[in-house]
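**Student:** Next come a sequence and a model predicted from it.
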Amino acid sequence: IDELLAEGVAGKRVFVRADLNVPLDGTTITDDGRIRAVLPTVKALAEAGARVVVASHLGRPKGAPDPAFSLAPAAARLGELLGADVAFATDTVGDSARAVVAGLADGQVAVVENLRFNAGETSKDDAERGAFAEQLAALADVYVGDGFGAVHRKHASVYDLPAKLPHYAGHLIATEVTVLKKLTEDVKRPYVVALGGAKVSDKLAVIDQLLGKADRLLIGGGMAYTFLKAKGYEVGTSLLQADQIPAVTEYLERAEKLGVELVLPVDVLVAGEFPDLKTKAPANPTTVAADAIPADQEGLDIGPETRKLYASKLTDAATVFWNGPMGVFEHPDYAQGTAAVAQALIDSDGFTVVGGGDSAAAVRTLGFDENAFGHISTGGGASLEYLEGKTLPGLAALED
Ligand code: 3PG
């Protein structure tokens, strides 16, 4: 983007592919981190006199307009953060978008409606995606890719559109790639990775890669129960992906062979039922050893001994990557595991990276100062796939 700004953008229509996929409660944004993350790019372009057209997906609508997934709240929040009026188009490439873009003065910003209201955005068919990218290209003179959270998606606005316009990487993508490179090239050791979240199947590829790179892997969240089951423990009614047990067993064996510490919970908080996240009524969990989960109980957070153990494994780390909450942090009775890992990252002198929509949201909603971490990535799947060493379509499209 510095190159683009040096060339001059005054009067040019610049399409910014952002990731404004923020968590919503109705129309209330519960974490605006992703909107704040794209501000440097939007501000720099607007200050340089560009006519800025911001586009993003939100949620997973089915290729047609769906009011529950409107970007209107995100556009309003962007306007508040910019301290400027932000125009909003009620479609993505139709009459409203064309009129809004045509009405932009130099230095003004507009947001067009959710890209995924158009089937062409996520289509597997190259021609259908290409046709939608043509319609997007007609709205702009220049493309700036800055939606890091979506660079792993081979979607029209991420992958096909850059080829149709002069294209540049925005500040956020540049920062994210610089930081994630520190985790893949010449990583400072000990390199400790904490992984949580519900499904082990989402993390298989990254665990596979990390077993050759990290010194320690700490496992928490719902995915831990598949590991505990693979070790031969009973896990009651906890989340379990039985079909993943063979893969997980192989990881446990490989970790031992490679001398990588693969650390599992030694105790967990359990209850007879999943907590009510709306009322947040007290859940009264009990603490049990990880090998003594009662048959009718569900594990919902790591326990106090595990919190201490994981903190001790994180304090001397030179590099930390953390992805995925340790428990059902949305309920106060099950937030302590996630909070303990967040605090251990803050206490560590090493370089700490929080990756993942959920862990980033957890850090902020639990009240931690985001500046206390080395970097909070806006990418969930994107940062994991980067660490897996995959070619990310949205980065490849910008590279030339
Ligand atoms: C994310 O939240 O990880 C990104 O915004 C991508 O969203 P998606 O998984 O729906 O493509």
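**Tutor:** Yep, it's here. Residues are numbered from 1 along each chain as shown.
**Student:** tell me the SS of whichever residue of the stretch 101-250 of the chain sits closest to the ligand?
**Tutor:** The ligand sits closest to residue 149 of the stretch 101-250 of the chain, with a gap of 3.9 Å, by CB to the nearest ligand atom. Using the backbone N, CA and C atoms, a C-beta is placed for each residue, glycine as well. What DSSP: H, G, I helix; E, B strand; the rest coil gives for residue 149 is helix.
**Student:** So for the helix-or-strand element of the chain with minimal mean pLDDT, what gets flagged as buried?
**Tutor:** Lowest by mean pLDDT, DSSP states H and E among the helices and strands of the chain is helix 357-365, with a mean of 85. Neighbour-count burial for helix 357-365, counted by 16 or more other CB atoms under 10 Å, picks out 357-364.
**Student:** Quick check: residues of the stretch 301-400 of the chain near the ligand?
**Tutor:** Residues of the stretch 301-400 of the chain that fall close to the ligand, judged by CB under 6 Å from any ligand atom: 357, 380-381.
**Student:** Kindly recompute the last result at 8 Å.
**Tutor:** Proximity of the stretch 301-400 of the chain to the ligand, by CB under 8 Å from any ligand atom, involves residues 357, 379-382.
**Student:** Just put those residues in CSV and tack on distance to residue 56 and secondary structure.
**Tutor:** Compiled in CSV, these are given as follows (distance: CB to CB, whole Å; DSSP: H, G, I helix; E, B strand; the rest coil):
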residue, distance to residue 56, secondary structure
357, 14, helix
379, 14, coil
380, 15, coil
381, 15, helix
382, 14, helix
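**Student:** Just flag the most distant two among those.
**Tutor:** Spanning the widest gap among those are 357 and 382, at 9.7 Å by CB to CB.
**Student:** Where does pLDDT dip in the stretch 101-250 of the chain?
**Tutor:** The stretch 101-250 of the chain contains no residues with pLDDT under 70.
**Student:** between residue 357 and residue 382, what contacts are shared?
**Tutor:** Residues touching both residue 357 and residue 382 (CB atoms under 8 Å, 6 or more residues apart in numbering): residue 149.
**Student:** now the end-to-end length of stretch 11-19.
**Tutor:** Stretch 11-19 has an end-to-end distance of 24 Å (CA to CA, to the nearest Å).
**Student:** Then stretch 354-373?
**Tutor:** Taking CA to CA as the criterion, the two ends of stretch 354-373 lie 8 Å apart.
**Student:** Whichever residue of the stretch 1-150 of the chain sits closest to the ligand: neighbouring residues, count only.
**Tutor:** Distance from the ligand to each residue of the stretch 1-150 of the chain (CB to the nearest ligand atom) is smallest for residue 21, at 3.4 Å. By other CB atoms under 10 Å, 23 other residues sit near residue 21.
**Student:** excluding its backbone neighbours, what's nearest it?
**Tutor:** residue 58 (5.2 Å; CB to CB, 6 or more residues apart in numbering).
**Student:** Quick check: phi and psi at the one you found.
**Tutor:** phi -150, psi 120 (degrees, to the nearest 10).
**Student:** coming back round to it: by pLDDT, rank the residues of the stretch 301-400 of the chain next to the ligand and give me the bottom one.
**Tutor:** pLDDT across these is lowest for residue 357, at 73.
**Student:** correct me, but that residue touches residue 377?
**Tutor:** No: using CB atoms under 8 Å, residue 357 is not in contact with residue 377, being 9.2 Å away.
**Student:** And the helices in the stretch 201-350 of the chain?
**Tutor:** Using DSSP state H, counting those that start in this stretch, the helices of the stretch 201-350 of the chain run over 204-210, 224-230, 245-258, 304-315, 336-347.
**Student:** In TSV: those, plus distance to residue 163 and mean neighbour count.
**Tutor:** What follows is the helices of the stretch 201-350 of the chain, written out as TSV (distance: least, CB to CB, whole Å; neighbours: other CB atoms under 10 Å):
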stretch	distance to residue 163	mean neighbour count
helix 204-210	27	19
helix 224-230	41	24
helix 245-258	37	14
helix 304-315	43	19
helix 336-347	39	23
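**Student:** that older thread, how far does the least confident helix or strand of the chain sit from its chain's centre?
**Tutor:** Centroid separation for helix 357-365 versus its chain: 9 Å, with CA atoms, centre = their mean, to the nearest Å.
**Student:** same thing with stretch 294-311?
**Tutor:** The answer for stretch 294-311 is 25 Å, by CA atoms, centre = their mean.
**Student:** same question, stretch 101-108
**Tutor:** 31 Å.
**Student:** Can you mark which positions in that stretch are buried?
**Tutor:** Neighbour-count burial for stretch 101-108 [16+ other CB under 10 Å]: 101, 104, 107-108.
**Student:** Good, we can wrap up now.
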